[in-house]
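Visitor: Following is a predicted model, sequence given first.
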Amino acid sequence: MKTTALTETHNALGAKMVPFAGFLMPVSYDGVNQEHETVRTKVGVFDVSHMGEFLIEGPNALALIQKVTSNDASRLTVGRAQYSCMPNEDGGIVDDLIVYRVKEQAYLLVVNASNIQKDWDHIAGYNTAMGARMRNISDEYALLAIQGPKAVEAMQSLTSVDLSAIKFYHFEVGDFAGVPHVIISATGYTGSGGFEIYCRNSEVLQVWEKVLEAGAAYGIRPVGLAARDTLRLEMGYCLYGNDIDDTTSPIEAGLGWITKFDKDFVNHQALALEKERGPERKLVGFVMEERGIPRQGYPILDTGGGAIGTVTSGTMSPSLGQGIGLGYVPSGLAKPGSEVRIQIRNKAVPAHVVKLPFYKGQQ
């Protein structure tokens, strides 16, 4: 079981630690609902150092990234990032990721912890013909997510960079918490704004402590992976291994907006045909109409009781106070308002499809 550079710190804070993607990670500190609410209304800090980072450099770096990812990385200028995915050869998804252009011929790829080796092998296979320089720096770097509407105000004293000037999916490299050359990225997985901070493992304890110190007046809390999951689900953000995987296509998963067919990428012809014809099933969000919490793996039924799909993610939404979930249904039932049932134990509980995100800002 791997650990992050902050594992001892999490233990000292009384975090509940659990295995996740091969790492021992904090799932919660004070309780999921409190931590969730803190991020929605104030500011919270997550240790997400389990994520993987690959550096791809050289004259053919862009060509390699264009081949293995679905989005158009040629649109990136230095200081910009984009959400993307890596299609496989069989219509599914190897992983979803963020691509940063850090220099003219250098890109940082941030991938999911559970897929680090698989992703590396996949990219390296296509690099054989291209010869870009690849470095797996996952074990050298830490990642903190500082999320919430108070993040800019709470963190500004820690840097000479104007945080309010960093646009969404842009980043700056500058000083932060007394550490030079930190990536300060206006990205996140919560829908409540904020930043993600990349620094070396040897620097992250100093950054963590100064972040908590600077955020104290703003009600900052350390936040675990359980609240990270409820926050992302309220936004309808996909989680790899639940909502997308090697068997789900970007088109049926609602990721057509990051799938650009004006370039050549892995399996693009088959995916273009799927988009043209329309997928047989689609990933949708649904809201429970009665009491009941949908969970991953629960059957989705039509109104006649026939099985039509499976819940891929589900929870009791802390912000909305009702059960919400994601799952794949036949395309004919994917329109908002469509009635479905969720099999919870022995009961088929009514639910209806809604347009994402579930959470649309302060209620």
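Guide: Looks like it came in fine.
Visitor: Name the residues of stretch 103-121 that are buried.
Guide: Judged by neighbour count (16 or more other CB atoms under 10 Å), stretch 103-121 contains these buried residues: 106-116, 118-120. (C-beta placed from N, C-alpha, C; glycine too.)
Visitor: what sits against Thr41?
Guide: By CB atoms under 8 Å, 6 or more residues apart in numbering, the contact set of Thr41 is Gly148, Pro149.
Visitor: next one: Ala21
Guide: Residues in contact with Ala21 (CB under 8 Å, 6+ apart) are His50, Asn112, Ala113, Ser114.
Visitor: picking up where we left off before, cross the buried residues of stretch 103-121 against helices and list the overlap.
Guide: Secondary structure assignment (DSSP state H) places Ile116, Lys118, Asp119, Trp120 from those within helices.
Visitor: Arrange these in a markdown table, one row each, with pLDDT and distance to Thr230 as further columns.
Guide: Output for those, formatted as a markdown table (pLDDT from 0 to 100; distance: CB to CB, whole Å):
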| residue | pLDDT | distance to Thr230 |
| --- | --- | --- |
| Ile116 | 98 | 25 |
| Lys118 | 98 | 27 |
| Asp119 | 98 | 26 |
| Trp120 | 98 | 30 |
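Visitor: any idea how far Asp162 is from the closest residue to Arg80 other than its chain neighbours?
Guide: Distances taken as CB to CB, 6 or more residues apart in numbering place His170 nearest to Arg80, at 5.5 Å, with adjacent residues excluded. Using CB to CB, to the nearest Å, His170 is found at 12 Å from Asp162.
Visitor: circling back to that earlier point, so which of the contacts of Ala21 is the closest to Ile220?
Guide: Using CB to CB, His50 comes nearest to Ile220 of the contacts of Ala21, at 21.2 Å.
Visitor: Near the closest one, how many other residues are there?
Guide: Using other CB atoms under 10 Å, His50 is surrounded by 22 other residues.
Visitor: re earlier: now for the residue nearest to Arg80: which residues touch it?
Guide: Gly79, Arg80, Ala81, Ser185, Ala186.
Visitor: For Glu153, see how far away it is.
Guide: His170 is 19 Å from Glu153, by CB to CB.
Visitor: so where do the helices sit in the stretch 1-150 of the chain?
Guide: 7-12, 32-41, 61-68, 116-127 (DSSP state H, counting those that start in this stretch).
Visitor: Need the ones you listed in JSON lines (columns: distance to Arg75).
Guide: Putting those into JSON lines (distance: least, CB to CB, whole Å) gives the following:
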{"stretch": "helix 7-12", "distance to Arg75": "38"}
{"stretch": "helix 32-41", "distance to Arg75": "30"}
{"stretch": "helix 61-68", "distance to Arg75": "11"}
{"stretch": "helix 116-127", "distance to Arg75": "20"}
